[in-house]
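**Q** Everything below, folded, please.
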Amino acid sequence: MDGQARGARRQARGPGLRLAAAAAALAGALAPACAFMGSPPGGPPRTIPPRVVRVVPESGAVLTTPPHQVEIDFDEVIGEQTAATQRDIQGAVLLSPADKWSVDWHRTHLTVEPKGGFKPDRVYRVELLPVIVDLHQNRLRQDKIVVFSTGPEIPAATLRGAVVDWTGGHLAAGALVEAVLLPDSLTYRTLTDSGGNFALGAMPTGDYLVYGVVDLNSDHHRQSREPFDTVRVSLQDSAEVGLYAFAHDTVGPRLRSVELVDSLTLRLIFDRPIDPTQPPDTSMVQVTPAEDTTQRLAIGSVLTPEAWDSVTKAAAAAAAARDTTHRAPAPGRPGAPARPGAAGEPQHAQRQGARRAGGLPAGPRPDTTRATHLLAVRPAPTDRRIVRLAAPLERGSRVFVFVAGMRGLTGVVGHQSRATLTVPKPTKTRADSLRQAAAADSLRRSRGADTTQAAPPDTAHARADTTHAPSDTARARPDSTRPNPDSLPPRGDSTPPAQPPLPARRDSGPALPPPPLPAPSPPR
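**A** From the prediction side, this is the model:
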């Protein structure tokens, strides 16, 4: 009896329990929707770039305990990839002093942490590069720098300077600058702006080894194969340095090819730039005929391309002075705008464009004063030399050019190298052919050729009239059915001539009756 009662009570409670469970599931499904309520989708896209609203720890803070990480908050959701050449979010932050660090993306904020954690008694510098973009590809307008300390007071010393690509002859925009504090080897990093300038503020005082690197792969780390330059500087309050980045090769220059400028001038092209402080010397170059390498052709001088340009310009000016018909170029119109870069600005500065860690947003024209001054003090090296011979080369000849002793930018002297030059033969023109024919005709006349011979027929005479109708080659055959006039009788004789017998034909069967005569037509 008790078992039956308990079963009835369970059956009565079953529908109620199922209804309560369904209500709880519906409430759980609606709860998240209410928690993330916001403006409905649609409307115009956002055009305002993201902004940094908070950084923890704050810039200028002096902490007694190193933080676990640095947090950078934005006013909106940012993209997980950047607008830099290296699109990973890792390249959006520079942390100093640190060799390696990690950057993590959390939709509306980033966290930065060095490998091994933050250390005590150090001054840290966090630089957020202007490569952050939001979901609408709006880009961060300017960088953000945060300096904090984990023990000592924040210093006020500043290191400034500029970096140029020396071998390229232009400023180095977006170059990596590393200042290594000695003897602790603490490395502080930054990037040059679009004018090749940089500034590292809040730096501890001391001696630094400063590197300027053309960051070819944009990984924000110095590589041995990348062009760089280094200088040592003592920093107290402020200091300024100039860095000439170039590839540091371990071998000297080698001759790659030879070009013929004219019959007296050769252009030597090497595989790497030559030290501009090494004066050209004729003892470094030998030119020999290919048929006999023991014979040397006399060399008048060896020049740099700049010296050769000066020689050619002076020769052109002297020729223009002797030419009385030469007209001087008209002066420019007053008030005409100057060509960009005409005031000594590096030729490739404008071609480089605004670039810093993948490119800066368009802005005011960068200050290129420092880079221009650096290139004026030390012009860009070249990989060419000009050789002037004492006697012109013969057309169609072949010569060997030997070079030894050329010094590279790192001071390494190259071994002997050789290149071959073939002087092209002159091409025969129509005028040359006419002159040659005239000379041959004169030679025939001088040898006593018969000049009284009748002149050749006039081939310029008018052609015969080809419009005349041709003779009738389709003349009709004679009528074999008409009688021969010789067999006709005289006019007085009315006797008809005898008909010749018909040729016999083979009997192919019974003879056929002659066809019936046509009926006479009725008279009109």
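**Q** Can you tell me the closest non-neighbouring residue to L393?
**A** V423 (4.9 Å; C-beta to C-beta, 6 or more residues apart in numbering). For the C-beta atoms, the positions are set from N, CA and C on the backbone; glycine is no exception.
**Q** surely that neighbour meets P392?
**A** No. Judged on C-beta atoms under 8 Å, V423 makes no contact with P392 at a distance of 9.4 Å.
**Q** quick one, which of those two is more surrounded?
**A** V423 (15 against 11; other C-beta atoms under 10 Å).
**Q** mind checking pLDDT for the more buried one?
**A** With respect to pLDDT, V423 has a value of 93.
**Q** so what's the residue nearest to L393 up against?
**A** Residues in contact with V423 (C-beta atoms under 8 Å, 6 or more residues apart in numbering) are 260, 263, 393-399.
**Q** Can you report how many residues neighbour L264?
**A** Should you count by other C-beta under 10 Å, L264 turns out to have 14 residues around it.
**Q** Could you count how many residues lie near D184?
**A** Every residue meeting other C-beta under 10 Å relative to D184 is counted, giving 11.
**Q** Just the pLDDT for it.
**A** Listed pLDDT for D184 reads 89.
**Q** Could you do P366 as well?
**A** Model confidence at P366, expressed as pLDDT, equals 81.
**Q** Next secondary structure element downstream of the helix or strand of the chain with the lowest mean pLDDT?
**A** Here the helix or strand of the chain ranked lowest by mean pLDDT, DSSP states H and E is helix 349-352, holding a mean of 43. From helix 349-352 onward toward the C-terminus, using DSSP states H and E, the following helix or strand is helix 369-377.
**Q** What is that following helix packed up against?
**A** With contacts defined as 3 or more C-beta pairs under 8 Å, 6 or more residues apart in numbering; DSSP states H and E, the packing partners of helix 369-377 are strand 157-165, strand 170-171, strand 238-245.
**Q** rewinding a little: now the contacts of V423 in JSON lines, with neighbour count and pLDDT?
**A** JSON lines is the format used below for these (neighbours: other C-beta atoms under 10 Å; pLDDT from 0 to 100):
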{"residue": "L260", "neighbour count": "15", "pLDDT": "95"}
{"residue": "S263", "neighbour count": "12", "pLDDT": "92"}
{"residue": "L393", "neighbour count": "20", "pLDDT": "94"}
{"residue": "E394", "neighbour count": "12", "pLDDT": "92"}
{"residue": "R395", "neighbour count": "10", "pLDDT": "91"}
{"residue": "G396", "neighbour count": "10", "pLDDT": "91"}
{"residue": "S397", "neighbour count": "13", "pLDDT": "93"}
{"residue": "R398", "neighbour count": "13", "pLDDT": "95"}
{"residue": "V399", "neighbour count": "22", "pLDDT": "96"}
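**Q** Pipe these into a markdown table and attach secondary structure per row.
**A** Formatted as a markdown table, the entries for those read as follows, by DSSP: H, G, I helix; E, B strand; the rest coil:
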| residue | secondary structure |
| --- | --- |
| L260 | strand |
| S263 | coil |
| L393 | coil |
| E394 | coil |
| R395 | coil |
| G396 | coil |
| S397 | coil |
| R398 | strand |
| V399 | strand |
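**Q** Just the closest of the residues you listed to P130, please.
**A** Checking these against P130 by C-beta to C-beta gives L260 as the nearest, at 50.9 Å.
**Q** Report the contact partners of the closest one.
**A** L260 sits next to 266-267, 393, 421, 423-424 when contact means C-beta under 8 Å, 6+ apart.
**Q** switch the cut-off to 10 Å
**A** 266-267, 393, 399, 421-424 (C-beta atoms under 10 Å, 6 or more residues apart in numbering).
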